[in-house]
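Asks: everything below, folded, please.
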Amino acid sequence: RGLECNPFPPKTTKHVIHGNEIWKRSLEIRGYNFGRSIKEAPDGYVIAGTSFTSEKQDALFIKTDRDGKMEWYKKYDYSDKDWLQDLLIVSDGYILLGYTFKKEEGYLDYGGDYMLIKTDKNAYLARGKIGGGVARIGIFTSNGDSLVKKESLASTMFEINYKKNGIVGMGYEYDYSRMWNLSIESVAEKALSYAKKSAEATKIKTINKLSVIWHNRFSLKILDNMLSTTITADAVQQKRSPYMNKIGEQIFDENLTIIDEGLRPAGLGTAPFDDEGIPQQNTTIVEKGVLRNFLYDTYTANKDKCKSTGNASRSYKSLPRPSPHDIVIKPGTATLEDMICNISEGILIIDTIGEWLSDPVSGAINATVTLGAYIKKGEIKNFVKGFIVSGNWFEIAKSGIRTIGRDIRHDLGVSTPSIWVDKMVIASD
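Replies: Okay, the predicted model is just below:
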């Protein structure tokens with residue numbers, strides 16, 4: 001029997017010795033695709049080649065099952081022209097051999113290097129990106145006045161799938177920075193780690209209430225959902241905020257201090273002035289549990305006869321409205337490991353979906369946990385997923401916080417550490 005790979009789209013064909021066709025597969029991948037090498041793997045076939053589009057040429061790696069049906073493919077884009085020439089199957093993955101070419105300025109032809117790639121046989125990249133840019137934002141008036149600011153942003157994201165015992169786990173990780181100092185390898189390694197944990201995770205039995213640690217990945221989502229749209233002056237003036245008429249009141253735990261940081265060095269929300277030209281500032285929203293301020297632009301400040309906090313936000317085609325720069329929970333001193341060690345039984349919530357449906361007005365929190373860990377006697381016993389966690393933001397923030405961690409994570413518009421919460425409802429089918 002033999003195997004054949006043809007271009008656009010790649011096809012695999014299997015024959016018996018007499019040439020009778022057993023199956024034929026068309027592997028639908030965008031572009032004009034060539035297979036240059038194919039090897040039989042324990043659970044299927046792997047193909048190395050190249051993929052052309054109108055914009056570029058990428059190295060192409062394909063995995064099929066025993067019947068030639070494509071399970072996944074990966075394109076490698078390192079330079080102007082990349083292709084794979086051959087591959088080797090090893091005990092823990094694959095080694096890919098190819099070439100990478102880049103056209104040098106001032107030269108008519110391309111300069112090339114050999115390319116050697118080592119991959120994990122059970123893991124593959126579902127999505128990934130690395131990007132960055134610089135923007136110049138200007139405010140100009142009919143009187144001839146103007147202000148111009150320059151902003152930069154670099155970002156990277158990886159979503160990796162990992163297959164173990166027929167179960168596919170998904171993990172993702174990302175990072176942002178004002179400078180090109182991203183640890184891209186670390187981000188990819190964390191995404192792979194989460195994918196492996198997800199593949200190992202099991203369902204949990206329904207338990208009424210347990211201690212819960214909000215990993216900083218989850219606490220970011222909750223803080224953004226509960227505060228971003230409710231601590232602005234327009235929400236208060238339009239009677240959409242649960243914090244109306246509560247300035248000076250103890251609304252949260254005394255260990256909870258929340259600041260909107262518009263001036264933190266290299267902060268993702270930092271700028272010299274807002275979108276009305278008002279200087280940005282650090283505004284304390286909650287100080288030791290006491291509500292101190294709302295966030296204002298010029299219009300809402302005039303209505304309340306006070307000064308703007310420098311929080312106006314707009315696009316070139318919209319009117320200004322107040323918006324947070326970077327809502328930050330002041331970190332504590334405990335590590336994530338410290339919190340885990342002090343829990344007799346509980347859950348560490350790492351990732352969720354559906355938390356955006358939680359209600360910032362009523363405070364109802366509901367989320368489906370896609371990755372968590374079951375804690376028993378201060379140790380992580382196993383990873384878990386596929387259950388619902390629920391609770392009330394106002395009750396938790398006022399009297400349900402046990403410990404605030406020091407592992408603060410910065411995202412666009414919000415920065416939080418991990419938080420140990422006394423009790424939340426855990427429910428599974």
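Asks: can I get the helix or strand Ser186 falls within in CSV, CA atoms only?
Replies: Take DSSP states H and E as the rule and Ser186 turns out to sit in helix 184-200. Output of helix 184-200 as CSV, limited to C-alpha atoms (Å, rounded to 0.1, in the frame of the first residue of the first chain):
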residue,chain,number,x,y,z
ILE,A,184,6.0,35.0,24.6
GLU,A,185,7.4,31.6,25.5
SER,A,186,6.0,31.9,29.0
VAL,A,187,2.6,32.8,27.7
ALA,A,188,2.6,29.7,25.4
GLU,A,189,3.8,27.4,28.2
LYS,A,190,1.0,28.6,30.5
ALA,A,191,-1.6,28.0,27.7
LEU,A,192,-0.2,24.5,27.3
SER,A,193,-0.3,23.9,31.1
TYR,A,194,-4.0,25.0,31.3
ALA,A,195,-4.8,22.7,28.3
LYS,A,196,-3.2,19.7,30.0
LYS,A,197,-5.1,20.5,33.2
SER,A,198,-8.4,20.8,31.2
ALA,A,199,-7.8,17.4,29.6
GLU,A,200,-7.3,15.8,33.0
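Asks: and the helix or strand where Ile38 lies, what does it pack against?
Replies: Assignment of secondary structure by DSSP H and E places Ile38 within strand 32-41. Counting contacts by 3 or more C-beta pairs under 8 Å, 6 or more residues apart in numbering; DSSP states H and E, strand 32-41 is packed against strand 3-6, strand 44-52, strand 57-64, strand 81-90. The C-beta positions use only the backbone N, C-alpha and C, and glycine is treated the same way.
Asks: taking strand 81-90 as reference, get the angle to the helix or strand just after the third one.
Replies: In other words, strand 57-64. Later in the chain than strand 57-64, the nearest helix or strand by DSSP H and E is strand 70-76. Note on geometry: by axes from the mean of the first three to the mean of the last three C-alpha atoms, to 10 degrees, strand 70-76 and strand 81-90 are set 130 degrees apart in direction.
Asks: now the angle from strand 70-76 to strand 32-41?
Replies: Using the same axes, to 10 degrees: strand 70-76 against strand 32-41 is 120 degrees.
Asks: what does strand 70-76 contact?
Replies: With contacts defined as C-beta atoms under 8 Å, 6 or more residues apart in numbering, strand 70-76 is touched by 25, 27-29, 44, 51, 58-65, 82, 84, 98, 115, 117, 119, 124-125, 161.
Asks: just the buried residues of those residues.
Replies: Using 16 or more other C-beta atoms under 10 Å as the burial test, those include 25, 27, 29, 44, 51, 58-64, 82, 84, 98, 115, 117, 119, 124-125, 161 as buried.
Asks: how deep is the spatially closest residue to Lys63 that is not a sequence neighbour tucked in, by neighbour count?
Replies: Leaving aside its chain neighbours, Lys63 sits nearest to Glu71 (4.8 Å; criterion: C-beta to C-beta, 6 or more residues apart in numbering). Using other C-beta atoms under 10 Å, Glu71 has 16 neighbouring residues.
Asks: picking up where we left off before, list the buried residues in the strand holding Ile38.
Replies: Buried residues in strand 32-41 (16+ other C-beta under 10 Å): Asn33, Phe34, Gly35, Arg36, Ser37, Ile38, Ala41.
Asks: any idea of the pLDDT on the residue lying closest to Gly131 once chain neighbours are set aside?
Replies: Spatial nearest neighbour of Gly131, chain neighbours left out: Ser155 (5.5 Å); criterion: C-beta to C-beta, 6+ apart. With respect to pLDDT, Ser155 has a value of 92.
Asks: do you have the helices of this protein handy? List them.
Replies: Along the chain, counting by DSSP state H, helices occupy 184-200, 216-227, 233-237, 298-303, 336-341, 393-399.
Asks: which of these sits most buried?
Replies: Across the helices of the chain, averaging neighbours per residue (mean count of other C-beta atoms under 10 Å) puts helix 216-227 on top, at a mean of 23.
Asks: coming back round to it: let me have the helices of the chain in JSON lines, extended by distance to Ser358 and mean pLDDT.
Replies: Formatted as JSON lines, the helices of the chain follow (distance: least, C-beta to C-beta, whole Å; pLDDT from 0 to 100):
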{"stretch": "helix 184-200", "distance to Ser358": "22", "mean pLDDT": "92"}
{"stretch": "helix 216-227", "distance to Ser358": "5", "mean pLDDT": "97"}
{"stretch": "helix 233-237", "distance to Ser358": "16", "mean pLDDT": "98"}
{"stretch": "helix 298-303", "distance to Ser358": "25", "mean pLDDT": "98"}
{"stretch": "helix 336-341", "distance to Ser358": "22", "mean pLDDT": "97"}
{"stretch": "helix 393-399", "distance to Ser358": "8", "mean pLDDT": "97"}
